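In: What would the 3D arrangement of this be:
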Amino acid sequence: ASRFLLAPYRLAARINAWAWTRRLPTRVDIADGVFLGRFPRSGESEGYGTVVDLAAEFEKPFGPTPTWTSIAAMDLVSPSAPDLERAAQAIEAAQMRGTVLVCCALGFQRSAGAIAHWLVATGRAKDWAAAEAMLRKTGRPVHLAPPLIAAKEPAE
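Out: Sure thing, here's the model as predicted:
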């Protein structure tokens, strides 16, 4: 019943994701087999060992998929610190087993925040600003909310 009731919203969300990302690569390589991208369509997740999904508005595609880890986070809202920590742990564990796609609807905010947190937590970036710079170097637009950035800076 929920699929039927939410079908118009989900269709609009898919169209929105397509409109924003149609001229971008579906994913970009960040570091050590970890990729940042939009939510994969059916078949696009093949080739990854794991998908870490932060999109609360979409469900796992039908058909064969890699290991799928969902950490539902609301769109246009910065993920909570516990969600970022869970995502970073999932990315690190999955990265040791193979390639990882970290995604949300567009691959701009929630998934970018999760990867930035992972980069800092694992020492791949010295701080949040360095992690954000690494993400921006890929050419993919990322939107990390200032309160989130301030909250994740290490204490001196």
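In: So in the protein, which helix runs the longest?
Out: For the chain, the longest helix by residue count, based on DSSP state H, is helix 2-21.
In: For the next helix or strand after it, enumerate its sheet partners and note whether each is parallel or antiparallel.
Out: Downstream of helix 2-21, the next assigned helix or strand under DSSP states H and E is strand 27-31. Sheet pairing for strand 27-31, assigned by DSSP bridges, gives strand 34-38 (antiparallel).
In: Just the mean pLDDT for the partner strand, thanks.
Out: On average, the pLDDT along strand 34-38 is 95.
In: Alpha carbons of it, in PDB - could you do that?
Out: The C-alpha trace of strand 34-38 is given here as PDB (Å, rounded to 0.1, in the frame of the first residue of the first chain):
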ATOM      1  CA  VAL A  34      35.300   4.300  -2.500                       C
ATOM      2  CA  PHE A  35      33.100   6.100  -5.000                       C
ATOM      3  CA  LEU A  36      30.600   9.000  -4.500                       C
ATOM      4  CA  GLY A  37      27.500   9.000  -6.700                       C
ATOM      5  CA  ARG A  38      23.800   9.300  -7.100                       C
END
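In: buried set for the very next helix or strand once past it?
Out: Later in the chain than strand 34-38, the nearest helix or strand by DSSP H and E is strand 50-55. Neighbour-count burial for strand 50-55 flags Thr50, Val51, Val52, Asp53, Leu54, Ala55 (criterion: 16 or more other CB atoms under 10 Å). Every residue, glycine included, has its C-beta placed from N, CA and C.
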